[in-house]
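Participant: need a structure here:
(one chain, ligands or ions: 1)
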Amino acid sequence: MQFSHPLMHNNFTKADMNTAIQILKKRNPILTQSKYVELFETAWSKWLGVKYSVFVNSGSSANLLTMTILKILYGKGEIILPTLTLSSDVNSVIQNNFKPVFVDINPRNLCMSVDEIIKKTNKNTLAVFMTHVQGFNGLTSKLISFLKKKNIILIEDVCEAHGATFNNKKLGTFGKISNFSFYYAHHMSTIEGGMVCTNDKKIYEKIRILRSHGMLRESKNPVFEKKIIKKNPKLSPKFIFLYPGYNFRNNEIGGAIGLSQLKSLDKNNKKRKENFKFFLKLLDKSNYRTDFQVEGSCNYAFPVILKSNKMKFRSLFEKKLIKNKIEFRRGNAGGGNQLRQPYLEKFTKKINLQKFIEVDHIHFFGYYIGNYPSLTKEKIKKICKILNNIKI
Ligand SMILES: Cc1ncc(COP(=O)(O)O)c(C=O)c1O
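Facilitator: Reported below is the predicted structural model:
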């Protein structure tokens, strides 16, 4: 269907396309991970304000690498996870044999409730894996100081929140490791892609190794490489596989598009923030939730959360959006409450869903529609008029 208001629009520009074409047109181009990947990693680290970044082929791969590195460094433990996130966050935890501990959301920012996190920590808690849902900041000073005091690791999933801040500092700079996605639907895109970011040199080196089959020569640490080569005289120095790794590399086209897209990210995000405030101002407060914690947020989507929990209103709402060609997703980030998904059946048999009231409301009555930089104020007015006229 051709939408009058799609979830994303014009997220891949002529300039991006030309950058890719220039590389393809070179004589004997190197297209696998090389110079442009490194240039993008350096530019991204500078933009974010971290020491190290590793460009990978998706945000999900970034998540998996992050949990694999925790497994290598710390072995086992419990990981506190949101119920509203993408499946790949949960998968990365269970695939590395950590125990997932699920937390309900704060309805005002859709991220994990800080009080619930604190309640669910214990001596086995290794990390809190915070997803900054749909551009909202999930951090508070209380959470950060609690985790520090208890020596619990903070990991940030910033796949949906590029450029959002807490205390004027970018999200993705608070955690030990932070992950980004550059899938088409997000604030910027490399077609497919992701980034793992950290200030920890050891983690950086290991993530690089894990990204390329577990291969030692990727480490960027000659002293460490020399030591391992000496320890393994029967192995070809270029083929020492240190950990059971993956091939999660991206490529030169992705790197060059990333560099090109990064140039417009701040300008685009400024527009998104303006759009978001304008949208919330116009939206009818009697039918939809508008009391979000917008401070520091940077949203690539407008959350449209119905206040009513009547199926009749929901069905009318969906019909009206379809009729007006407004593209939408029900359930918000990752399609709603992960505890209701079949892939988690083994873990959720004993979980009482009644204890996850907030995420369940989003699951059944929460939606999002697109917020992209080319969206005009006039268009937002039209969309709000349609939404505000839905009545039963
Ligand atoms: C919160 C969250 N985490 C992880 C991901 C995974 O990113 P990707 O689609 O690049 O694998 C996404 C992407 O949609 C996401 O929204």
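
Participant: Assign residue 27 to helix, strand or coil.
Facilitator: coil (DSSP: H, G, I helix; E, B strand; the rest coil).

Participant: Check whether stretch 349-364 comes near the ligand.
Facilitator: No - remark: stretch 349-364 sits outside contact range of the ligand, by Cβ under 6 Å from any ligand atom, the gap being at least 13.8 Å. No exception for glycine: its C-beta is placed from N, CA and C like everyone else's.

Participant: Need the residues that contact that stretch.
Facilitator: Identification of contacts with stretch 349-364 by Cβ atoms under 8 Å, 6 or more residues apart in numbering yields 83-84, 102, 104-107, 110, 113, 305, 309, 314, 330-332, 336-337, 339-340.

Participant: Now that stretch - C-alpha only, PDB.
Facilitator: The C-alpha trace of stretch 349-364 is given here as PDB (Å, rounded to 0.1, in the frame of the first residue of the first chain):
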ATOM      1  CA  LYS A 349       5.500 -20.400  32.100                       C
ATOM      2  CA  LYS A 350       5.800 -19.300  35.700                       C
ATOM      3  CA  ILE A 351       5.500 -15.600  35.200                       C
ATOM      4  CA  ASN A 352       2.300 -13.900  36.300                       C
ATOM      5  CA  LEU A 353       1.300 -11.500  33.500                       C
ATOM      6  CA  GLN A 354      -0.900  -9.600  35.900                       C
ATOM      7  CA  LYS A 355       2.300  -8.100  37.300                       C
ATOM      8  CA  PHE A 356       3.200  -6.500  34.000                       C
ATOM      9  CA  ILE A 357       0.200  -4.100  33.700                       C
ATOM     10  CA  GLU A 358       1.900  -1.200  32.100                       C
ATOM     11  CA  VAL A 359       3.600  -3.000  29.300                       C
ATOM     12  CA  ASP A 360       0.400  -5.000  28.600                       C
ATOM     13  CA  HIS A 361      -1.600  -1.700  28.100                       C
ATOM     14  CA  ILE A 362       1.000  -0.700  25.400                       C
ATOM     15  CA  HIS A 363       0.900  -4.300  24.000                       C
ATOM     16  CA  PHE A 364      -2.900  -4.000  23.300                       C
END
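
Participant: these two touch, right, residue 266 and residue 163?
Facilitator: Yes - using Cβ atoms under 8 Å as the test, residue 266 is close enough to residue 163 to be in contact (6.9 Å).

Participant: who has more neighbours, the two?
Facilitator: Per other Cβ atoms under 10 Å, whichever of residue 266 and residue 163 has more neighbours is residue 163, with 24 against 11.

Participant: pLDDT at the more buried one, what is it?
Facilitator: Listed pLDDT for residue 163 reads 98.

Participant: now do the one 4 residues further on
Facilitator: The confidence metric pLDDT takes the value 98 at residue 167.

Participant: Which per-residue confidence value corresponds to residue 333?
Facilitator: For residue 333, pLDDT reads 88.

Participant: Can you give me the neighbour number for the nearest residue to it once chain neighbours are set aside?
Facilitator: Distances taken as Cβ to Cβ, 6 or more residues apart in numbering place residue 133 nearest to residue 333, at 4.6 Å, with adjacent residues excluded. Per other Cβ under 10 Å, the neighbour tally for residue 133 reads 31.

Participant: Does residue 133 touch residue 331 like I think?
Facilitator: No - taking contacts as Cβ under 8 Å, residue 133 lies outside contact range of residue 331: 11.4 Å.

Participant: List the contacts of the residue in the stretch 201-350 of the chain that the ligand sits nearest to.
Facilitator: Using Cβ to the nearest ligand atom, the closest approach of the stretch 201-350 of the chain to the ligand is made by residue 333 at 5.4 Å. Applying Cβ under 8 Å, 6+ apart to residue 333 gives the contacts 84, 85, 86, 110, 131, 133, 134, 160.
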